[in-house]
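A.B. asks: Structure for the following, please:
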Amino acid sequence: MSWVEATALVPGPGEEGDVFDEEVDESLLVQREWRSHMQRRVKEGYRGGIEAGKAVTLQQGFNQGYKEGAEVIRNYGQLRGTLSRSYAVIRGEI
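C.D. replies: Below you'll find the predicted structure:
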């Protein structure tokens, strides 16, 4: 049984028990604290997962954009070099 299922089995407020049994009161308090603690951990885990997913997606987008941008810049550089050489030939510098 997972801890999530175990947390769901803990009796909530308003469920009857022995009012004068100190052990039951202490046990109920511990169970409520445990449930609260587990709910916080689940929320923190969810948020952590969302942040990790965003980071991975962001990195993948950066990698793809860098690759595409480098390809465009490389082609631009080759074109510029070819045009510069052609212009130099026309002017008689080469």
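
A.B. asks: Find the residue ranges of this protein scoring beneath the pLDDT cut-off.
C.D. replies: Residue ranges of the chain with pLDDT under 70: 1-24.

A.B. asks: hey, which helix is longest across it?
C.D. replies: helix 22-91 (DSSP state H).

A.B. asks: Quick one: list the elements packing against that helix.
C.D. replies: When contacts are defined as 3 or more Cβ pairs under 8 Å, 6 or more residues apart in numbering; DSSP states H and E, helix 22-91 packs onto helix 3-8. (Each C-beta comes from the backbone N, C-alpha and C, glycine too.)

A.B. asks: just how off-centre is stretch 59-68 within its chain?
C.D. replies: 18 Å (Cα atoms, centre = their mean, to the nearest Å).

A.B. asks: Which parts of stretch 27-35 count as buried, going by neighbours?
C.D. replies: L28, Q31, R35 (16 or more other Cβ atoms under 10 Å).

A.B. asks: Tabulate the CA atom coordinates of that stretch in PDB.
C.D. replies: C-alpha atoms of stretch 27-35 as PDB (Å, rounded to 0.1, in the frame of the first residue of the first chain):
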ATOM      1  CA  SER A  27      -2.800   9.000  17.700                       C
ATOM      2  CA  LEU A  28      -5.300  11.100  15.900                       C
ATOM      3  CA  LEU A  29      -3.100  14.200  16.200                       C
ATOM      4  CA  VAL A  30      -0.100  12.200  14.900                       C
ATOM      5  CA  GLN A  31      -2.200  10.900  12.000                       C
ATOM      6  CA  ARG A  32      -3.400  14.400  11.100                       C
ATOM      7  CA  GLU A  33       0.100  15.800  11.200                       C
ATOM      8  CA  TRP A  34       1.200  12.900   9.000                       C
ATOM      9  CA  ARG A  35      -1.600  13.600   6.500                       C
END
